[in-house]
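In: this is a predicted model, with the sequence first.
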Amino acid sequence: MLRGSQTPRVRWSPPRVSTLGAEAVDLCATAGLFLDPWQQLVMDEMLAFRADGKFSAFEVAAVIPRQSGKGACLEARALSGLFLLDERLILFSAHQFKTAREHFRRIVGLIDQTPELKARVKSVRTSHGEEGIELKTGQRLQFVARANGRSGRGFSGDCVILDEAQDLDTEDLAALLPTLATRDNPQVIYTGTVSESASQLRNLRDRALLGTDKSLTYLEWSASEDDDPALPETWAKANPALGYRITEEFISREYAAMSHDLAMFSQERLSVWPKSANMGVFSEAVWDACEDPASQLLDPVCFGIDVSPDRRFASIAVAGLRPDGHRHVETVEHKKGTGWVAERVAELVAKWSPAAVVMDAAGPAGSLVADLQNVRVDVTVTSAREYAQACGGFFDAVESQTLHHLGDDLLKASVLGVKRRPLGDAWAWARKSATEVDISPLVAATLAHWATRSVSSPAPQILDPWSVE
């Protein structure tokens, strides 16, 4: 019998010295909740500790396809919080109230059938919207739903459990996370499935892929984009419940029924993240990880120029090598109109003697070439192929963390608002899809960054502090 993988394909967790995972598994077994090996692994990660006795991960996220048994992990975490960890308040949240209520009923059932646990219960509240369990010690497990506005705001919890995290939005987190602020050893648990709108789960995934976040554990059972969705071996990668709770025959039927929409099958059953036109090119977590307020440039530098399609704004950006061999980008100027650009660039050239001043001649800034030549500025214009290379090179540098910036809000807005468009066999930044965001700061920075690749070895002079005024 084909069995699903019991270990996640994508896994990131911080160092730990101990775990109560085994104790949690035993507790659940006593209550009649028997965990599969992969569920035991999740508990092991949730209940991992540092040397100082704090949780090794403040946030724990598990992404698993539907009907795999992730609810049992959450119920096991809730039982552990009550009966192993002595947590004072646990908030169990789901997007829909019916989901939260179902978890409540299952946990009450597990406790009721276990005399040693039931003996510790003071009361069980079953009123609609007030479901909860209170122990004789005063510990509480409270069930709340996010969709109806009862998000848990006003509580002060030790642990927040967020089921259906694919539907989690910023407002939900804003309501729930502050409940942990005054707690000594808080933890947030996320479980969910892949979906196009799962922005919070995607952000957690991006942070995990960076491999630097020491407060996050991320576990994802998924297939890769290159795996054949028709193969049972691919199904096994993403579905730990295969052979335990889900049969190969069922997934085979599911595949046949969804053969007209394999992208949806890959998303729902294989946890393959969709490439949506509505999603930006960069994740906020990856861009923020490139921020370095102490970043310094080496001389010579390169300037890039761009204009928004409606010609309402123009941008000048600078780029250059750093002492560590990485590259630095920064917005120099961003103002309304275009009449100021040539004179300002001439000032910058006179002051800094850059290695290059670059623009995309096929873009809106192309009309400024003559103005720049009139003020005796030599301009390098990119071909379509070179512009595509510039966009790809900028993307690769961000993803590899070899590009750095100072945290400028204007540049960040253009980076997070940009989309892609096909350009020959490659792609470039899409201006027409950025109707609400001026991406000229990004385009200017992209061109300046591209120019630094053709600059010869820089003189060992650090421009410190960097100033374009």
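Out: The structure has been received and is ready for your questions.

In: use CA for all of it now, contacts and neighbours both
Out: OK.

In: so where's the stretch 51-200 of the chain shaky on pLDDT?
Out: The stretch 51-200 of the chain contains residues with pLDDT under 70 at 147-156, 170-172, 174-176, 179.

In: show me the strands in it, by range?
Out: 59-63, 89-94, 121-125, 132-135, 140-145, 159-162, 187-192 (DSSP state E, counting those that start in this stretch).

In: now swap in the stretch 201-350 of the chain and tell me
Out: Using DSSP E, counting those that start in this stretch, strands in the stretch 201-350 of the chain cover 216-220, 297-298, 302-307, 313-321, 327-336.

In: number of residues surrounding K351?
Out: 11 (other Cα atoms under 10 Å).

In: same question, A361
Out: A361 has 19 nearby residues by other Cα under 10 Å.

In: what residues are up against it?
Out: By Cα atoms under 8 Å, 6 or more residues apart in numbering, the contact set of A361 is S367, V369, V381, T382, S383.

In: for the strands of the stretch 201-350 of the chain, which one sits closest to Y387?
Out: Y387 sits nearest to strand 302-307 of all the strands of the stretch 201-350 of the chain, at 11.9 Å, using Cα to Cα.

In: and the closest one, what does it pack against?
Out: Helices and strands touching strand 302-307, by 3 or more Cα pairs under 8 Å, 6 or more residues apart in numbering; DSSP states H and E, are strand 313-321, strand 356-360, helix 440-451.

In: partner strands of the first one, parallel or antiparallel?
Out: Looking back up the chat, that one is strand 313-321. strand 302-307 (antiparallel), strand 327-336 (antiparallel) (DSSP bridges).

In: need the winner for burial among those strands.
Out: strand 302-307 (a mean of 31; mean count of other Cα atoms under 10 Å).

In: in stretch 35-48, what counts as buried?
Out: Of the residues in stretch 35-48, 35-36, 38-48 count as buried by neighbour count, 16 or more other Cα atoms under 10 Å.

In: and the furthest pair within those residues?
Out: The widest separation within these (Cα to Cα) is 18.4 Å, between D36 and A48.

In: out of the contacts of A361, which are inside strands?
Out: Here DSSP state E is the test, and those give V381, T382 as lying in strands.

In: ok, and the most crowded of the contacts of A361?
Out: Of all those, the highest neighbour tally under other Cα under 10 Å goes to T382, namely 20 neighbours.

In: burial of the closest residue to that residue other than its chain neighbours, as a residue count?
Out: Leaving out its chain neighbours, the residue that sits closest to T382 by Cα to Cα, 6 or more residues apart in numbering is D360, at 5.2 Å. Residues near D360, counting by other Cα under 10 Å, number 23.

In: same thing with S215?
Out: 16.

In: how about the one 10 residues further on?
Out: Other residues near E225 number 13, with proximity taken as other Cα under 10 Å.
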